[in-house]
Structure formats: structure tokens, C-alpha cells
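[1] Quick one, what's the 3D model for this:
(one chain, ligands or ions: 2)
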Amino acid sequence: MKPRVLVTRHVYPAAIAILQEHCIVDYHDSHDVLDEVRLQKRLQHAQGLVCQLTDPITANVIAAAPQLRVISQVAVGHDNIDVAAATARGVVVTNTPGVLTEATADLTWALLLAAARRLPAAEQFLRAGKWRRWEVDLLCGSDVSGRTLGIVGFGRIGRAVARRALGFGMRVLYASRTAAPPELEQELRAIHVPLDTLLRESDFVSLHVPLGSETRHLIGVAQLCQMKRSAFLINTARGPIVDEAALVAALEEGLLAGAALDVFEAEPAVHPGLLQLPNVVLLPHVGSAVTSVRSLMCALAAADCAAVLTGERPKHPVNPQVLG
Ligand code: NAP
Ligand code: GLV
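    Ligands and ions are numbered 1, 2, ... in the order given. Coordinates of the predicted model:
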């Protein structure tokens with residue numbers, strides 16, 4: 001008998017084809033998000049789960065799926081999954097690192113440049129028919145080239161962001177619990193510093209840590225107060241890494257020059273204060289939103305789900321200890 005897999009939301013078709021080779025697929029082909037109750041109901045007889053970052057894969061959901069053997073997330077971040085509960089039950093959790101690194105680093109740079117050079121304001125100005133002539137002080141922004149970029153979390157995406165900074169002749173500081181190998185620091189001309197130093201010295205602070213108990217509100221009132229008044233905060237990691245209310249207050253008080261955010265504390269809700277501020281660039285969590293990348297992410301998650309269910313080793317286990 002083929003194992004049963006729940007696919008919680010719409011995915012690229014390649015993923016379904018991969019799963020159908022080995023499994024019976026219960027496909028919720030919709031953009032609608034299944035809540036905990038609906039997930040519990042649909043997972044009663046499932047051995048596999050292909051889910052997305054919107055899905056609450058809590059301890060209760062896992063407990064309601066007695067036959068579950070694998071949870072495959074179509075994303076690199078997996079803070080919506082109670083990995084400890086899955087591990088305690090011997091359920092493998094997988095994610096999709098790597099394939100989205102360059103796309104997310106590109107988007108980070110798009111945000112950084114848009115904030116520094118006030119691109120949304122400039123475009124709105126033109127579309128509103130307000131452009132009369134070239135003016136020496138029209139919509140002037142901040143320098144990027146030659147300035148200091150502070151990268152918080154120096155993993156795959158943080159390093160890809162640093163690599164792009166080489167082309168802008170920037171000084172790069174990074175904060176991470178462990179230092180990168182010296183050859184890499186040399187290649188990327190990146191300097192390992194404590195977070196406090198990074199916040200005090202950077203013109204742009206870009207966040208690339210995963211969300212967890214250590215990083216929730218990593219950037220709060222105290223950290224925002226340490227930043228330069230001319231600095232920008234960029235967040236393409238996870239919303240709750242920043243205390244959004246504190247960020248709004250800091251921006252309103254002019255403690256920062258601006259912010260550029262792809263992620264929010266309570267997505268899809270956006271703090272109303274952010275929507276009022278002219279010096280903030282806001283995107284709807286599109287860091288990896290490139291068709292080829294999203295398609296690869298779906299295929300990778302499906303392949304890892306099928307791998308576990310057919311007794312193979314998955315490529316990207318988050319809790320490899322379960323595999324022995
Ligand atoms: P990664 O390779 O695991 O990098 C994360 C880095 O953060 C690691 O190098 C880790 O190094 C560091 N870190 C962890 N905890 C830390 C802490 N408390 N303080 C300082 N550094 C810490 O992950 P990635 O592939 O770069 O992805 C990073 C995150 O980006 C994902 O978790 C996801 O939430 C987010 N993301 C968002 C989008 C989007 O669409 N906006 C797209 C992709 C990814 P140490 O353990 O040595 O500290
Ligand atoms: C997207 O946010 C991801 O974590 O892949």
C-alpha cells in the first residue's frame with residue numbers, strides 16, 4: 001500500500017508528479033491556509049506532509065498524526081514547525097536551503113537600494129503627475145557605494161549579500177555566533193564583530209538569522225537606539241526578529257533614516273504605523289519569489305518527502321538525529 005501524503009497548499013506541478021510516483025496524494029490545491037483543526041483532521045491517516053511557512057505545524061497537529069514520518073517544508077525557514085515535537089516523535093523534518101539563496105540575496109539588495117535611493121517615493125511622484133523638471137535637490141537619497149554594511153547572521157544568504165557588497169566597494173561587518181573561516185572572511189572582505197559594534201558602525205543593517213527563541217526581537221528598542229540616525233534597517237529574514245512597534249516608534253522619532261521590509265511580525269498584517277511612513281519600503285514576503293526558484297523549492301520538498309517514505313536519506317533534514 002502506497003503511503004499517504006498531505007500537500008497543504010498549491011504548489012508547482014513538478015512536486016505533485018514526484019509525489020504521485022510513490023504516494024497517494026491528498027492535495028489541497030488552494031492558496032487557502034489550513035488551520036490547526038483542519039490540519040489535524042486531514043493528517044489522521046497521513047505518513048507524509050508537504051507544507052509551507054504559513055502552516056501552523058504545532059505539537060498538537062503532530063500529535064494528531066500518529067502515522068506521520070516526514071514533514072517537508074517548502075522554504076528554508078521552518079519556524080512554523082515545532083521541530084522539537086517532531087523530533088521527539090521520530091518524525092523527520094526537511095527544508096529547502098540553497099536553491100533560494102541567490103534570489104533572496106538579490107531581493108535584499110533591491111530593498112537596500114530602493115530604501116537608500118527612495119525608489120518607491122520617486123515612482124509615486126512620477127505616476128502622480130508631479131514631475132515638472134529636473135531639480136538639483138529632487139528626491140535625493142543616501143550613498144550606498146563605499147558605506148558600511150552590517151550583516152546579522154552570516155550563513156548562506158548573509159554571505160551571498162556580502163558577496164554583492166564587494167561590487168559596491170562597501171566595508172562589510174558581520175555578527176554571527178561563530179566566525180566564518182578566515183579564507184572566506186578574506187574573500188568577502190568581511191569582519192566579524194559583536195552585534196553592538198555592528199549596530200553602531202553600519203549605514204545599512206541587514207538581517208539574515210533564522211527565527212528562534214534566541215533571535216525573537218533581536219532588534220528591539222535598545223538595538224535601534226544604537227544605530228546611526230542616518231542608517232537603514234533591512235529585514236528579509238523573519239518579521240518577529242524585529243520588534244515592529246519599536247521600529248515604528250524609532251522611525252517616527254527619526255532615530256533611523258529608513259527601513260526596508262519583506263517580512264512582518266504577524267503576516268499578512270502590517271503594522272499600521274509602517275503603512276503611514278514615507279521612508280519605509282514594504283514587500284509581501286517575496287524574497288525567493290522567482291518562478292524557477294519556487295518551482296525548485298516545491299520539487300525539492302516533494303523529493304525529500306518521497307525519499308523518507310521510500311526508505312532513502314533525504315537531502316535536507318533539519319533534524320538529522322532522527323535518521324540515526
Ligand atoms: P543559514 O545558512 O542557516 O544562515 C543563518 C545564519 O544565522 C547562520 O550562519 C547562523 O550562524 C546565524 N545565526 C543563527 N542564530 C544566530 C544568532 N542568535 N545570532 C547571530 N547569528 C545567528 O540560513 P539561510 O539559508 O541564510 O536563511 C536565513 C533565514 O532567511 C531563514 O531562516 C529564513 O527565515 C530567511 N529567509 C527568508 C526569505 C524570504 O523570502 N524573505 C527567503 C529565504 C530565507 P551561527 O549558528 O554560527 O550563529
Ligand atoms: C522563505 O521565507 C523561506 O524561508 O524560504
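[2] what's the nearest residue to the spatially most central residue of the chain if we skip its chain neighbours?
    In the chain, the C-alpha nearest the mean C-alpha coordinate belongs to Ala237, at 3.6 Å (C-alpha atoms, centre = their mean). Nearest-residue entry for Ala237: Leu207, 4.4 Å, with adjacent residues in sequence omitted and distances by C-beta to C-beta, 6 or more residues apart in numbering. For the C-beta atoms, the positions are set from N, CA and C on the backbone; glycine is no exception.
[3] List the residues that contact the one you found.
    The neighbourhood of Leu207, defined by C-beta atoms under 8 Å, 6 or more residues apart in numbering, consists of 152-153, 218-219, 233-237, 241-242.
[4] re the thing from before, in what element of secondary structure is the residue nearest to the centre of the chain found?
    When elements are defined using DSSP states H and E, Ala237 is found to belong to no helix and no strand.
[5] which residue ranges form the strands in the stretch 201-324 of the chain?
    When assigned using DSSP state E, counting those that start in this stretch, the strands of the stretch 201-324 of the chain occupy the ranges 204-207, 232-235, 258-261, 280-282.
[6] Format these as TSV; extra columns: distance to ligand 1 and mean pLDDT.
    Conversion of the strands of the stretch 201-324 of the chain to TSV gives the following (distance: least, C-beta to the nearest ligand atom, whole Å; pLDDT from 0 to 100):
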stretch	distance to ligand 1	mean pLDDT
strand 204-207	8	99
strand 232-235	8	99
strand 258-261	9	98
strand 280-282	13	98
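[7] Relative to ligand 2, which of these is closest?
    Nearest to ligand 2 among these is strand 232-235 (11.3 Å), distances taken as C-beta to the nearest ligand atom.
[8] name the helices or strands packed onto the closest one?
    Strand 232-235 sits against helix 101-116, strand 204-207, strand 258-261, with contacts defined as 3 or more C-beta pairs under 8 Å, 6 or more residues apart in numbering; DSSP states H and E.
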